[in-house]
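[1] model this:
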Amino acid sequence: MKLIVLDRDGVINQDSDHYIKTVEEWIPIPGAIEAIARLSKAGYAIAVATNQSGLARGYFSQATLDAMHDKLRELVQQQGGDVDMIAYCPHGPDDDCDCRKPLPGLFQQIASHFGLPDLQQVPVVGDTLRDLEAGMSLGCIPYLVRTGKGERYIAKGLPSDWQITVMDDLSAVADSLLNTTES
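    Numbers count the residues shown, from 1 in each chain. Next up, the predicted model:
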(Lines give C-alpha, C1' and ligand atoms only; values in the text may rest on other atoms or scores of the structure.)
Protein backbone atom coordinates (compact mmCIF):
# COMPACT_ATOMS: atom_id res chain seq x y z
CA MET A 1 0.00 0.00 0.00
CA LYS A 2 1.25 3.47 -0.88
CA LEU A 3 0.45 5.93 1.90
CA ILE A 4 1.51 9.50 2.63
CA VAL A 5 0.91 11.45 5.84
CA LEU A 6 0.54 15.22 5.61
CA ASP A 7 0.46 17.91 8.24
CA ARG A 8 -2.32 20.42 7.56
CA ASP A 9 -1.50 24.01 8.57
CA GLY A 10 1.59 25.21 6.74
CA VAL A 11 1.67 22.24 4.35
CA ILE A 12 -1.80 22.13 2.77
CA ASN A 13 -3.17 25.51 3.83
CA GLN A 14 -1.67 28.80 4.91
CA ASP A 15 -0.73 28.89 8.57
CA SER A 16 -1.14 31.63 11.14
CA ASP A 17 0.49 32.17 14.52
CA HIS A 18 -3.01 33.28 15.57
CA TYR A 19 -4.62 29.99 14.46
CA ILE A 20 -6.90 29.24 11.54
CA LYS A 21 -10.26 29.92 13.20
CA THR A 22 -12.79 30.05 10.35
CA VAL A 23 -13.48 28.32 7.07
CA GLU A 24 -12.75 31.64 5.35
CA GLU A 25 -9.27 31.72 6.95
CA TRP A 26 -8.58 28.19 5.66
CA ILE A 27 -6.79 29.10 2.41
CA PRO A 28 -4.92 26.44 0.44
CA ILE A 29 -1.25 27.00 -0.36
CA PRO A 30 -0.91 27.35 -4.15
CA GLY A 31 -0.46 23.93 -5.74
CA ALA A 32 -1.19 21.94 -2.56
CA ILE A 33 -4.68 20.73 -3.47
CA GLU A 34 -3.51 19.70 -6.94
CA ALA A 35 -0.52 17.89 -5.38
CA ILE A 36 -2.80 15.89 -3.09
CA ALA A 37 -5.05 14.99 -6.02
CA ARG A 38 -2.06 13.91 -8.14
CA LEU A 39 -0.79 11.68 -5.34
CA SER A 40 -4.26 10.23 -4.80
CA LYS A 41 -4.75 9.53 -8.50
CA ALA A 42 -1.32 7.83 -8.56
CA GLY A 43 -2.52 5.36 -5.94
CA TYR A 44 -1.41 6.98 -2.68
CA ALA A 45 -3.77 6.84 0.27
CA ILE A 46 -3.81 10.35 1.74
CA ALA A 47 -3.81 10.80 5.52
CA VAL A 48 -3.67 14.12 7.33
CA ALA A 49 -2.31 14.33 10.89
CA THR A 50 -2.88 17.70 12.51
CA ASN A 51 -2.71 19.29 15.95
CA GLN A 52 -5.83 21.40 16.44
CA SER A 53 -5.45 22.83 19.95
CA GLY A 54 -7.68 25.72 18.87
CA LEU A 55 -10.56 23.41 19.83
CA ALA A 56 -9.33 23.10 23.42
CA ARG A 57 -8.55 26.81 23.54
CA GLY A 58 -12.09 27.70 22.38
CA TYR A 59 -10.90 29.49 19.22
CA PHE A 60 -13.27 27.50 17.01
CA SER A 61 -15.91 24.82 17.34
CA GLN A 62 -15.98 21.17 16.26
CA ALA A 63 -18.47 22.18 13.56
CA THR A 64 -16.03 24.79 12.21
CA LEU A 65 -13.16 22.27 12.17
CA ASP A 66 -15.40 19.77 10.38
CA ALA A 67 -16.32 22.45 7.83
CA MET A 68 -12.62 23.20 7.20
CA HIS A 69 -11.99 19.51 6.60
CA ASP A 70 -15.05 19.25 4.37
CA LYS A 71 -13.66 22.14 2.32
CA LEU A 72 -10.32 20.33 2.00
CA ARG A 73 -11.98 17.11 0.90
CA GLU A 74 -14.25 18.90 -1.59
CA LEU A 75 -11.37 20.82 -3.18
CA VAL A 76 -9.32 17.64 -3.58
CA GLN A 77 -12.35 15.79 -5.01
CA GLN A 78 -12.85 18.59 -7.54
CA GLN A 79 -9.32 17.80 -8.76
CA GLY A 80 -10.12 14.07 -9.02
CA GLY A 81 -8.50 12.90 -5.78
CA ASP A 82 -9.49 11.82 -2.30
CA VAL A 83 -8.39 12.46 1.27
CA ASP A 84 -8.70 9.06 2.92
CA MET A 85 -8.29 10.01 6.57
CA ILE A 86 -7.95 13.10 8.73
CA ALA A 87 -6.64 12.45 12.25
CA TYR A 88 -6.50 15.43 14.58
CA CYS A 89 -5.52 16.15 18.14
CA PRO A 90 -8.16 18.39 19.79
CA HIS A 91 -6.14 18.82 22.99
CA GLY A 92 -4.17 21.72 24.38
CA PRO A 93 -0.45 21.48 25.18
CA ASP A 94 -1.10 20.76 28.88
CA ASP A 95 -3.81 18.11 28.42
CA ASP A 96 -1.42 15.13 28.78
CA CYS A 97 -2.66 13.28 25.71
CA ASP A 98 -0.68 10.91 23.50
CA CYS A 99 -1.89 12.33 20.20
CA ARG A 100 -0.41 15.83 20.20
CA LYS A 101 2.58 15.90 17.90
CA PRO A 102 5.48 15.26 18.45
CA LEU A 103 3.93 12.29 20.30
CA PRO A 104 3.00 9.43 17.95
CA GLY A 105 -0.70 8.95 18.79
CA LEU A 106 -2.10 10.40 15.55
CA PHE A 107 0.32 8.30 13.53
CA GLN A 108 -0.66 5.20 15.49
CA GLN A 109 -4.31 5.99 14.67
CA ILE A 110 -3.39 6.22 10.99
CA ALA A 111 -1.45 2.93 11.05
CA SER A 112 -4.39 1.23 12.77
CA HIS A 113 -6.92 2.72 10.33
CA PHE A 114 -5.00 1.29 7.38
CA GLY A 115 -4.23 -2.02 9.14
CA LEU A 116 -0.48 -1.41 9.23
CA PRO A 117 1.83 -2.56 12.04
CA ASP A 118 3.95 0.58 11.60
CA LEU A 119 4.59 3.27 9.02
CA GLN A 120 7.98 2.09 7.77
CA GLN A 121 9.02 4.00 4.65
CA VAL A 122 5.81 6.07 4.55
CA PRO A 123 6.54 9.69 3.59
CA VAL A 124 5.51 12.28 6.18
CA VAL A 125 5.35 15.92 5.12
CA GLY A 126 5.47 18.70 7.68
CA ASP A 127 6.54 22.29 8.18
CA THR A 128 7.79 21.74 11.75
CA LEU A 129 10.14 19.27 13.37
CA ARG A 130 7.37 18.02 15.69
CA ASP A 131 5.37 16.94 12.61
CA LEU A 132 8.31 14.90 11.38
CA GLU A 133 9.34 13.54 14.78
CA ALA A 134 5.89 12.01 15.34
CA GLY A 135 6.07 10.14 12.04
CA MET A 136 9.72 9.18 12.33
CA SER A 137 8.98 7.39 15.62
CA LEU A 138 6.98 4.87 13.53
CA GLY A 139 9.45 4.66 10.65
CA CYS A 140 8.23 7.43 8.33
CA ILE A 141 10.54 9.15 5.86
CA PRO A 142 10.57 12.89 6.72
CA TYR A 143 10.04 15.73 4.26
CA LEU A 144 10.22 19.30 5.59
CA VAL A 145 8.57 21.92 3.39
CA ARG A 146 9.65 25.57 3.31
CA THR A 147 6.03 26.75 3.46
CA GLY A 148 4.33 27.56 6.75
CA LYS A 149 6.90 27.52 9.55
CA GLY A 150 9.42 25.50 7.52
CA GLU A 151 11.77 28.39 6.75
CA ARG A 152 11.97 29.23 10.47
CA TYR A 153 13.14 25.72 11.29
CA ILE A 154 15.65 25.69 8.45
CA ALA A 155 17.06 29.05 9.62
CA LYS A 156 17.52 27.68 13.16
CA GLY A 157 19.35 24.64 11.81
CA LEU A 158 18.03 21.12 11.45
CA PRO A 159 19.19 18.24 13.67
CA SER A 160 22.32 16.81 12.08
CA ASP A 161 21.38 13.24 13.03
CA TRP A 162 18.03 13.38 11.21
CA GLN A 163 17.90 12.54 7.53
CA ILE A 164 15.36 15.13 6.43
CA THR A 165 14.63 15.97 2.82
CA VAL A 166 13.85 19.68 2.46
CA MET A 167 11.50 20.66 -0.37
CA ASP A 168 9.95 23.97 -1.42
CA ASP A 169 6.33 22.87 -0.91
CA LEU A 170 3.91 19.96 -1.10
CA SER A 171 3.83 20.18 -4.88
CA ALA A 172 7.61 19.63 -5.00
CA VAL A 173 7.25 16.62 -2.67
CA ALA A 174 4.56 15.15 -4.96
CA ASP A 175 6.77 15.76 -8.01
CA SER A 176 9.66 13.97 -6.32
CA LEU A 177 7.60 10.98 -5.15
CA LEU A 178 5.77 10.58 -8.44
CA ASN A 179 8.97 10.86 -10.49
CA THR A 180 10.61 8.27 -8.22
CA THR A 181 7.73 5.82 -8.53
CA GLU A 182 7.49 6.29 -12.29
CA SER A 183 11.19 5.60 -12.85
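[2] Which stretches in this protein count as helices?
    Secondary structure of the chain (DSSP state H): helices at 32-41, 54-57, 62-78, 105-113, 129-136, 150-156, 170-182.
[3] Most tightly packed of those?
    Per residue and on average, the most neighbours among the helices of the chain fall to helix 129-136, with a mean of 24 (mean count of other Cβ atoms under 10 Å). Every C-beta, even on glycine, is put in place using the N, C-alpha and C of the backbone.
[4] now for that one, which elements pack on it?
    Here helix 129-136 touches strand 45-51, helix 105-113, strand 123-126, strand 141-145, going by 3 or more Cβ pairs under 8 Å, 6 or more residues apart in numbering; DSSP states H and E.
[5] how distant is the second one from the center of its chain?
    Computed by Cα atoms, centre = their mean, to the nearest Å, the separation of helix 105-113 from the middle of its chain amounts to 13 Å.
[6] okay, the angle between it and helix 129-136?
    Relative orientation of helix 105-113 versus helix 129-136 (axes from the mean of the first three to the mean of the last three Cα atoms, to 10 degrees): 30 degrees.
[7] Can you name every helix or strand that helix 105-113 contacts?
    strand 3-6, strand 45-51, strand 85-89, helix 129-136.
[8] mind checking which helix or strand of this structure has the lowest mean pLDDT?
    Within the chain, no helix or strand scores below helix 170-182, which has a mean of 89 by mean pLDDT, DSSP states H and E.
[9] Let me know the distance separating the closest residue to residue 9 other than its chain neighbours from residue 90.
    If the residues on either side of it in the chain are set aside, residue 9 comes closest to residue 15, at 4.3 Å by Cβ to Cβ, 6 or more residues apart in numbering. Using Cβ to Cβ, to the nearest Å, residue 15 is found at 18 Å from residue 90.
[10] which regions of this protein sit below the pLDDT cut-off?
    Scanning the chain for pLDDT under 70 picks out the ranges 181-183.
[11] so how far does stretch 27-47 reach from one end to the other?
    Using Cα to Cα, to the nearest Å, the end-to-end distance of stretch 27-47 comes to 19 Å.
[12] Which residues does that stretch contact?
    For stretch 27-47, contacts defined as Cβ atoms under 8 Å, 6 or more residues apart in numbering pick out 1-6, 11-14, 72, 75-76, 79-87, 110, 113-114, 147-148, 169-171, 173-174, 177-178, 181.
[13] Correct me if wrong: residue 109 contacts residue 89.
    No: using Cβ atoms under 8 Å as the test, residue 109 is too far from residue 89 to be in contact (9.7 Å).
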